[in-house]
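Asks: Build me a model:
(one chain, ligands or ions: 1)
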Amino acid sequence: MANKKVLVLGGNFAGLTAALSLKHHLHSDVDVTVVSKSDEFVFNPSFIWIPFGKRRAQDVKFQVTNTFESHDVEFVQAEATRIDPASRQVITTRGTYRYDYLVIATGYVNDFDVIPGLGCGGNAFSITHLDGAVDAAEGWARYLNEPGPLVVGATQGAACFGAAYEFAFNAAHQLKKHHVKVPITYVSAEPFPGHFGIGGLPGGERMLSMFFKMQGIEGIFDVAMEEVDAGQLRLKDGRKLPFGYAMIVPPFAGAKVVNASGLGNARGFIEVQDTYQSLAHPDVYAVGIAVAVNAPWTTANQVGVPKTGFPAETMARVAAENIASQIRGEPPVKKEQFGDIPAVCIMDAGNNGVLILADKMLPPRKHGVMIPGPQSHAAKIAFEKYYLWKMRHGYVNLP
Ligand SMILES: Cc1cc2nc3c(=O)[nH]c(=O)nc-3n(C[C@H](O)[C@H](O)[C@H](O)COP(=O)(O)OP(=O)(O)OC[C@H]3O[C@@H](n4cnc5c(N)ncnc54)[C@H](O)[C@@H]3O)c2cc1C
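Replies: Residues are numbered from 1 along each chain as shown. Modelled structure (predicted):
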């Protein structure tokens with residue numbers, strides 16, 4: 001009998017892990033094809049260092065072709081433009097692909113429309129994509145020659161708060177190194193410091209407030225932004241924050257193909273079961289940022305949930321195990337609810353940092369700690385090296 005065909009859309013954290021995990025389960029008994037818009041694996045957590053010259057774009061990525069080829073996975077660099085679950089086909093910019101099982105790991109796009117003044121050619125930088133981080137580096141070099149107030153923030157609906165904090169602390173550290181004294185403001189939709197889009201952790205609010213004090217950063221929380229004008233951020237409550245440099249994290253939305261195919265919610269993310277099968281189609285899985293996660297809180301200003309690397313990989317492994325079961329004729333029984341996946345993250349602060357650990361991504365939790373100290377900065381650097389090595393070689397079974 002011919003092998004079943006598994007098509008994976010996206011080749012980053014979730015897509016690469018799903019494709020190679022499936023090969024580890026079934027070896028030559030499955031045909032796996034990855035279709036990804038990019039032929040590079042990109043380690044987004046290191047974007048925070050690019051503006052300060054601590055990393056260049058080429059330091060945080062690698063070509064995926066060899067990684068897939070050496071694991072007998074076909075790789076096609078193309079953009080999926082339409083998914084047709086009825087005929088089990090995906091139309092891409094390089095032809096149409098048929099599948100028996102589909103894994104959607106198409107991640108996120110930046111939703112710069114959230115407020116006027118964001119995005120390419122806008123009035124603030126956003127390090128949430130590689131080109132944006134490179135632009136932010138050029139802007140930072142200019143800014144150091146002509147400094148002014150620094151504004152760092154995350155808009156209403158954002159989820160990637162960790163990157164905003166990391167940028168703020170790294171920027172403060174760099175300014176100190178360059179003997180530049182300017183007002184620094186952190187502006188966020190989070191209801192309190194250290195919420196992080198995960199509801200906060202015990203002692204986190206106090207710790208983040210202490211970090212702010214140490215670095216001379218003023219925090220403005222629980223606010224929505226109205227517009228970024230040239231040199232000024234306007235908040236919905238009427239406050240105006242002048243700046244010489246601004247970095248703002250926008251909300252994320254799902255890839256265009258998801259909603260073009262009628263598979264997403266209002267933000268283009270896919271509703272899934274705990275098996276990571278989509279609610280609508282049991283042979284269509286979604287993993288990583290592409291998955292819809294509903295926040296278990298209501299806040300005055302919308303606060304999203306960060307779908308970080310660890311849960312993205314966990315979802316991909318669960319999906320791979322379930323697809324392998326289905327191909328073997330067994331039911332897909334592996335389950336892992338997003339909120340129950342452990343939270344494991346490091347927030348870098350220039351020459352310091354915070355290790356964030358919790359038994360569950362989302363409350364209610366039994367355990368959660370934030371451990372501050374310079375060892376977290378060292379650990380983040382070591383983790384980057386380890387992770388890029390692990391993914392380049394396709395060792396997706398390693399932690
Ligand atoms: C600035 C920043 C800092 C971060 N810091 C951390 C951190 O410290 N720790 C942590 O755990 N996580 C962090 N994250 C989150 C982490 O990057 C994500 O969890 C991870 O990127 C999710 O991987 P993914 O594969 O789901 O999606 P993505 O990384 O978005 O990958 C999606 C893939 O799909 C491809 N694609 C998109 N559309 C299509 C299409 N139509 N057809 C084919 N292919 C397509 C893309 O080219 C890409 O290869 C950070 C993210 C950012 C932006």
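
Asks: neighbours of the nearest residue to I371 once chain neighbours are set aside, just the number please.
Replies: Closest residue to I371 apart from its sequence neighbours, by CB to CB, 6 or more residues apart in numbering: L355 at 4.4 Å. All C-beta spots, glycine's among them, are computed from the backbone N, C-alpha and C. The number of residues packed near L355 is 17, by other CB atoms under 10 Å.

Asks: what helix or strand does L355 sit in?
Replies: L355 is part of strand 353-358 when elements are defined by DSSP states H and E.

Asks: Nearest spatial neighbour of whichever residue of the stretch 151-300 of the chain sits closest to the ligand, chain-adjacent residues omitted?
Replies: The ligand sits closest to G288 of the stretch 151-300 of the chain, with a gap of 2.1 Å, by CB to the nearest ligand atom. Excluding its sequence neighbours, the residue lying closest to G288 (CB to CB, 6+ apart) is A14, at 2.7 Å.

Asks: from what I can see that neighbour touches A312, true?
Replies: Yes. Using CB atoms under 8 Å, A14 is in contact with A312, at 4.4 Å.

Asks: more crowded one of the two?
Replies: Shown here are A14 and A312; by other CB under 10 Å, A14 has more neighbours (32 against 23).

Asks: Going by neighbour count, which residues in stretch 226-238 are buried?
Replies: E226, V228, Q232, L233, R234, L235 (16 or more other CB atoms under 10 Å).

Asks: Would you map the strands across the stretch 151-300 of the chain?
Replies: Per DSSP state E, counting those that start in this stretch, the stretch 151-300 of the chain carries strands over the ranges 184-188, 217-220, 225-229, 232-235, 240-242, 245-249, 252-254, 284-286.

Asks: Show me what the last one is packed up against.
Replies: When contacts are defined as 3 or more CB pairs under 8 Å, 6 or more residues apart in numbering; DSSP states H and E, strand 284-286 packs onto strand 101-104, helix 309-327.

Asks: Report the rounded mean pLDDT for that strand.
Replies: Computed over strand 284-286, the mean pLDDT rounds to 98.

Asks: Spell out which parts of the stretch 1-150 of the chain neighbour the ligand.
Replies: 9-15, 35-38, 44-45, 47, 79-80, 105-108, 127-128 (CB under 6 Å from any ligand atom).

Asks: 8 Å instead?
Replies: Near the ligand, the residues belonging to the stretch 1-150 of the chain are 9-17, 35-38, 40-48, 78-81, 92, 105-109, 127-129, 133 when assessed by CB under 8 Å from any ligand atom.

Asks: picking up where we left off before, what about the residue of the stretch 151-300 of the chain closest to the ligand, how many neighbours?
Replies: G288 has 29 neighbours, counted by other CB under 10 Å.

Asks: V103 too?
Replies: By other CB under 10 Å, 31 other residues sit near V103.

Asks: mind checking the end-to-end distance for stretch 184-195?
Replies: End-to-end distance for stretch 184-195: 20 Å, by CA to CA, to the nearest Å.

Asks: now do stretch 179-190
Replies: 30 Å.

Asks: Is there proximity between that stretch and the ligand?
Replies: No. For stretch 179-190, no contact with the ligand is found by CB under 8 Å from any ligand atom; the gap never falls below 15.0 Å.

Asks: for stretch 264-275, same thing?
Replies: No. Between stretch 264-275 and the ligand, judged by CB under 8 Å from any ligand atom, nothing touches; the nearest distance is 10.5 Å.

Asks: Which positions within that stretch qualify as buried?
Replies: Buried residues in stretch 264-275 (16+ other CB under 10 Å): G264, R267, G268, F269, I270, V272, T275.

Asks: cool, stretch 248-255 as well?
Replies: I248, V249, P250, P251, F252, A253, G254, A255.

Asks: The strand holding L355 - contacts with which helices or strands?
Replies: By 3+ CB pairs under 8 Å, 6+ apart, strand 353-358 packs against strand 343-348, strand 368-372, helix 374-392.

Asks: Identify whichever of the ones you listed lies nearest to the ligand.
Replies: So among the helices and strands packed on strand 353-358, strand 343-348 is nearest, using CB to the nearest ligand atom, at 5.0 Å.

Asks: next one: that closest one to chain centre, how far?
Replies: 13 Å (CA atoms, centre = their mean, to the nearest Å).

Asks: Give the rounded mean pLDDT of that strand.
Replies: 95.

Asks: before we move on, what SS does S46 have?
Replies: Here S46 is recorded as helix under DSSP: H, G, I helix; E, B strand; the rest coil.

Asks: what's near enough to touch it?
Replies: For S46, the contacting residues are R55, D59, V60, E384, by CB atoms under 8 Å, 6 or more residues apart in numbering.

Asks: Nearest residue to the residue nearest the centre of the chain in space, ignoring adjacent ones along the chain?
Replies: Nearest to the geometric centre of the chain sits T308, at 5.3 Å (CA atoms, centre = their mean). Excluding the flanking residues, the one nearest T308 by CB to CB, 6+ apart is C345, at 5.8 Å.
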